[in-house]
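Chemist: Build me a model:
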Amino acid sequence: QERLVESGGGSVQAGGSLRLSCTPSTYGCMGWFRQAQGEAREFIAAIASDGNTWYKDSVKGRFTISKDNAQNILYLQMSSLKPEDSAMYYCAADSCSSFARTGQYGHWGQGTQVTVSS
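Modeler: Below is the predicted model:
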């Protein structure tokens, strides 16, 4: 199985936008997580093969998860960024059957850093 690779992180000012990418997006169930320095990893967004999406409350309306099935890319469009969004962002994936059985993603990327300055 191919390794997940994230890209698109960087440094922006508050109110700015970034789009994170993750390849390949060939898994049925995929998600984004983040981990700030000294904090636990937290769920941000998820998308299933039927297109259903889920979001952490604090990012609803600001972040959008999507998949480009032709290009096999998972995206996380982030807008109206806040300093508290600063973290390492990770892509995660698995088959939906496995995720339904375990409640966990079995495949993870190495992360891409997002830093939002005030």
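
Chemist: mind listing the helices for this structure?
Modeler: Ranges of helices in the chain, per DSSP state H, are 96-102.

Chemist: which residues sit in contact with the residue nearest to residue 54 when sequence neighbours are not counted?
Modeler: Closest residue to residue 54 apart from its sequence neighbours, by Cβ to Cβ, 6 or more residues apart in numbering: residue 46 at 4.7 Å. Every C-beta, even on glycine, is put in place using the N, C-alpha and C of the backbone. Contacts for residue 46 (Cβ atoms under 8 Å, 6 or more residues apart in numbering) come out as 29, 30, 31, 32, 53, 54, 65.

Chemist: now swap in residue 113 and tell me
Modeler: So residue 113 contacts 9, 10, 87, 88, 89 (Cβ under 8 Å, 6+ apart).

Chemist: Beta-bridge partners for it, please?
Modeler: Here residue 113 shows beta-bridge partners residue 88, assigned using DSSP bridges.

Chemist: Tell me the pLDDT of it.
Modeler: If you check residue 113, the pLDDT there is 98.

Chemist: Where does the prediction get shaky in the protein?
Modeler: For the chain, the stretches flagged by pLDDT under 70 are 1.

Chemist: any chance you could map the strands in it?
Modeler: Listed in chain order, the strands of the chain (DSSP state E) span 5-7, 10-13, 18-23, 29-35, 42-47, 53-55, 63-68, 73-78, 87-94, 107-108, 112-117.

Chemist: Report the inter-axis angle for the longest one versus strand 42-47.
Modeler: Going back to what we said before, that points to strand 87-94. Taking axes from the mean of the first three to the mean of the last three Cα atoms, to 10 degrees, one finds strand 87-94 and strand 42-47 inclined to each other by 40 degrees.

Chemist: With the third one instead?
Modeler: Angular relation of strand 18-23 and strand 42-47 on a 0 to 180 degree scale: 70 degrees, by the same axes, to 10 degrees.
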